[in-house]
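S.K.: Fold the following for me, if possible:
(one chain, ligands or ions: 1)
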Amino acid sequence: MTDAVEVRPITEPELADWHRALSTGFLQTPTLSADQLDARRRQFVAGRLLGAFDGSRCVATFRSFDQELTVVGGATVPADAVSNVTVTPTHRRRGLLTRMMSQDLAAAKERGDVVATLIAAEYPIYGRYGFGPATTLTEWTVEVSRAGLDKRWSRPEDGGRIDLVDGEDIRKLGPDLYERFRRGTPGAVSRSDLWWQLRTGAVRFDEEWKEPYFAVYRSAAGEVEGMASYESDDNWQGKQPYDTADVQWLFGTSPAAERALWHYLCSIDWITRVKSGRRSPDDLLPHYLPDPRAARITTQADWLWVRILDVVRALEARTYDSAGSLVLDVVDRQGLAGGRFRLDASPDGASCTPTTDTPDIALGIAELASVWLGDQSVARLHTLGRVQEERVGAAREADALLRASGRPWCPDIF
Ligand SMILES: CC(=O)SCCNC(=O)CCNC(=O)[C@H](O)C(C)(C)COP(=O)(O)OP(=O)(O)OC[C@H]1O[C@@H](n2cnc3c(N)ncnc32)[C@H](O)[C@@H]1OP(=O)(O)O
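M.R.: Just a heads-up that it's a prediction; the model follows:
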């Protein structure tokens, strides 16, 4: 049966059928309006949208696009970002995802991408293709009354200011600021113009788009250093307001900007709770509050998954705080990137070369992705039996070499 189904890149006229399959796979209304389809045309890139066709009907979807991923130390690597993965329920578990993924990863490797990235809908799907969870997502809810902030707070203490602006301002100011931010944030990914258009309503994929509030922080010197987008509900109970500010995104290029934006959000009259949106596990949000316990973790889970396609370039792209050498046996069941590699690293730079030297540790390509950006420790994976020590003590040494000073953070969903 599977053999009768053809997997291939779609053509632009096939987009409506492809989107019907995509909506069906995500359990959404199958047929898009002409306007919705028109807006989504902007994501069409020839060769990067795969479909599986049973006769003339599209029964599976897969889209990838070019992205940059920031690594430890601030360099970026080219990534193959994977999204819109669905198989129609009538055609599941016949190997269609496996066929689409194999085609896409082979093409990405051929193009020279260092990694593939995705946000996994469910944990068990992507490990088999060599993806490993590489960043963790943490969401907090701040109970404003417990935060200990001064009730009379009305502006940043540092001489900076916060202004509410509209979507057009965000489209002008956002991309440059985000570029600076993401280059200092391992785990962050590039944002396209379309990303900003969708978040500010200039392009709408769904008819019921709700306009959020946009806040911008400028330093005392007048520099734009941070911005946030948030919504609020309209929640009155009797004569009391219990509104929640729901942060869509918030980032800054200085701690002062982030502190001021969180204080602003926690000081809006009627707002009793602030939901943080997607942060890294070691985000400073709780510590910007006089009482950090006011921020309660509501979600903690795997977020960005990474599939390393080129071990040498991946390990050479990042920086290392200490000096050391490590021989790694990297097992890749798909045969895309495995082998034995010698990493010689120091704060001055790193070189990684294929070798026949005796290995220190052995690990899967997915486990390498989990330790590469510093989200996991080699010692923890060793304790779990997912990294093997070929020399006693090597896991702890690998840990010291690969450790990063902060956890990586991918604030985006794609
Ligand atoms: C990046 C993103 O877009 S994330 C969104 C992913 N999409 C969804 O969650 C939408 C709903 N789910 C689906 O559309 C499908 O179930 C998919 C795309 C997840 C899987 O497609 P399928 O064609 O059924 O996968 P395929 O047949 O290639 O499965 C390969 C293997 O993965 C396993 N597998 C696939 N999906 C799952 C899952 N959700 N949970 C556990 N195992 C899974 C299969 O059992 C199979 O295992 P086997 O090799 O041991 O037999």
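S.K.: Flag the shaky bits of this structure, pLDDT-wise.
M.R.: Applying pLDDT under 70 to the chain picks out residues 1-3.
S.K.: Show me what the longest strand anywhere in it packs onto, helices and strands only.
M.R.: Across the chain, the longest stretch assigned as strand under DSSP state E is strand 57-70. Contact here means 3 or more C-beta pairs under 8 Å, 6 or more residues apart in numbering; DSSP states H and E; on that basis strand 57-70 packs against strand 5-9, helix 15-25, strand 49-54, strand 76-87, helix 96-111, strand 115-119. Placement of C-beta: from N, CA and C, glycine included.
S.K.: Kindly report the residues of this protein close to the ligand.
M.R.: Proximity of the chain to the ligand (C-beta under 6 Å from any ligand atom) is limited to residues 25-26, 82-87, 92-98, 118-122, 124-125, 128.
S.K.: got a list of what the nearest residue to Trp372 once chain neighbours are set aside touches?
M.R.: Closest residue to Trp372 apart from its sequence neighbours, by C-beta to C-beta, 6 or more residues apart in numbering: Ala314 at 6.1 Å. By C-beta atoms under 8 Å, 6 or more residues apart in numbering, the contact set of Ala314 is Val71, Val77, Val114, Val115, Ile308, Leu368, Trp372.
S.K.: Touching, the third one and Leu315? I think so.
M.R.: In other words, Val114. No - contact criterion C-beta atoms under 8 Å: Val114 and Leu315 do not qualify, at 10.0 Å.
S.K.: and the residue nearest to Ala16 when sequence neighbours are not counted, what element?
M.R.: Take Ala16 and drop its neighbours on the chain: the residue closest to it by C-beta to C-beta, 6+ apart is Leu37, 5.8 Å away. Using DSSP states H and E, Leu37 falls within helix 34-40.
S.K.: Could you name the helices and strands sitting against that helix?
M.R.: helix 15-25.
S.K.: Dump the helix it packs on to PDB, restricted to CA.
M.R.: The C-alpha trace of helix 15-25 is given here as PDB (Å, rounded to 0.1, in the frame of the first residue of the first chain):
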ATOM      1  CA  LEU A  15      -0.900  24.200  -2.100                       C
ATOM      2  CA  ALA A  16      -4.700  24.200  -1.400                       C
ATOM      3  CA  ASP A  17      -4.700  20.400  -1.300                       C
ATOM      4  CA  TRP A  18      -1.500  20.300   0.800                       C
ATOM      5  CA  HIS A  19      -3.000  22.800   3.300                       C
ATOM      6  CA  ARG A  20      -6.200  20.700   3.500                       C
ATOM      7  CA  ALA A  21      -4.000  17.700   4.500                       C
ATOM      8  CA  LEU A  22      -2.000  19.900   6.900                       C
ATOM      9  CA  SER A  23      -5.100  21.200   8.700                       C
ATOM     10  CA  THR A  24      -6.600  17.700   8.800                       C
ATOM     11  CA  GLY A  25      -3.300  16.300  10.400                       C
END
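S.K.: Which elements pack onto that helix?
M.R.: Short answer (3+ C-beta pairs under 8 Å, 6+ apart): helix 15-25 packs on helix 34-40, strand 49-54, strand 57-70, strand 76-87.
S.K.: can you pull the buried residues of that helix?
M.R.: Applying a neighbour-count criterion of 16 or more other C-beta atoms under 10 Å, the buried positions in helix 15-25 are Leu15, Asp17, Trp18, His19, Arg20, Ala21, Leu22, Ser23, Thr24, Gly25.
S.K.: again with stretch 272-292
M.R.: Buried-residue list, stretch 272-292, by 16+ other C-beta under 10 Å: 272-281, 283, 285-286, 288-289.
S.K.: Now do that stretch: distance from first to last residue.
M.R.: For stretch 272-292, the first-to-last residue distance is 16 Å (C-alpha to C-alpha, to the nearest Å).
S.K.: measure the nearest residue to Leu289 once chain neighbours are set aside to the ligand for me?
M.R.: Leaving aside its sequence neighbours, Leu289 sits nearest to Ala147 (C-beta to C-beta, 6+ apart; 4.4 Å). When distance is defined by C-beta to the nearest ligand atom, to the nearest Å, Ala147 is 35 Å away from the ligand.
S.K.: How is the chain partitioned into domains?
M.R.: Split into domains by automatic domain parsing, the chain comes to 2-108, 138-302, 306-402.
S.K.: looking at those domains, which is closest to Gly132?
M.R.: Among those, domain 306-402 comes nearest to Gly132, with 3.4 Å by C-beta to C-beta.
S.K.: Any idea how far apart the tips of that closest one sit?
M.R.: Criterion C-alpha to C-alpha; first-to-last residue distance in domain 306-402 is 16 Å.
S.K.: Any idea how far that domain is from the middle of the chain?
M.R.: Mean C-alpha position of domain 306-402 versus that of the full chain (C-alpha atoms, centre = their mean, to the nearest Å) differs by 22 Å.
S.K.: before we move on, what about stretch 35-45?
M.R.: For stretch 35-45, the distance to the chain centre is 23 Å (C-alpha atoms, centre = their mean).
S.K.: Name the surrounding residues that touch it.
M.R.: 12, 15-16, 19, 32, 49, 63, 65, 194, 203-207.
S.K.: repeat for stretch 279-295
M.R.: Here stretch 279-295 has contacts from 135-144, 146-149, 187, 255, 258-259, 262-263, 266, 276, 300, 406-409, 411, using C-beta under 8 Å, 6+ apart.
S.K.: Now do the end-to-end distance for stretch 6-14.
M.R.: 14 Å.
S.K.: buried sites along it?
M.R.: Val7, Pro9, Ile10, Glu14.
S.K.: Then stretch 179-188?
M.R.: Phe181, Arg182, Arg183, Thr185, Pro186, Gly187, Ala188.
S.K.: and what of stretch 370-386?
M.R.: 370-379, 381-382, 386.
S.K.: closest to the ligand among those?
M.R.: Ser370 (17.4 Å; C-beta to the nearest ligand atom).
S.K.: Surely the closest one touches Ala134?
M.R.: Yes - if you go by C-beta under 8 Å, Ser370 and Ala134 touch, sitting 5.9 Å apart.
S.K.: what two of the contacts of stretch 35-45 have the greatest distance between them?
M.R.: Phe65 and Glu207 (24.3 Å).
S.K.: So between these two, which is more surrounded?
M.R.: The neighbour comparison of Phe65 against Glu207 (other C-beta atoms under 10 Å) goes to Phe65, with 17 against 8.
S.K.: Run a quick check on the more buried one versus Ala79, I expect a contact.
M.R.: No - the pair Phe65 / Ala79 is not scored as a contact, 9.4 Å apart, by C-beta under 8 Å.
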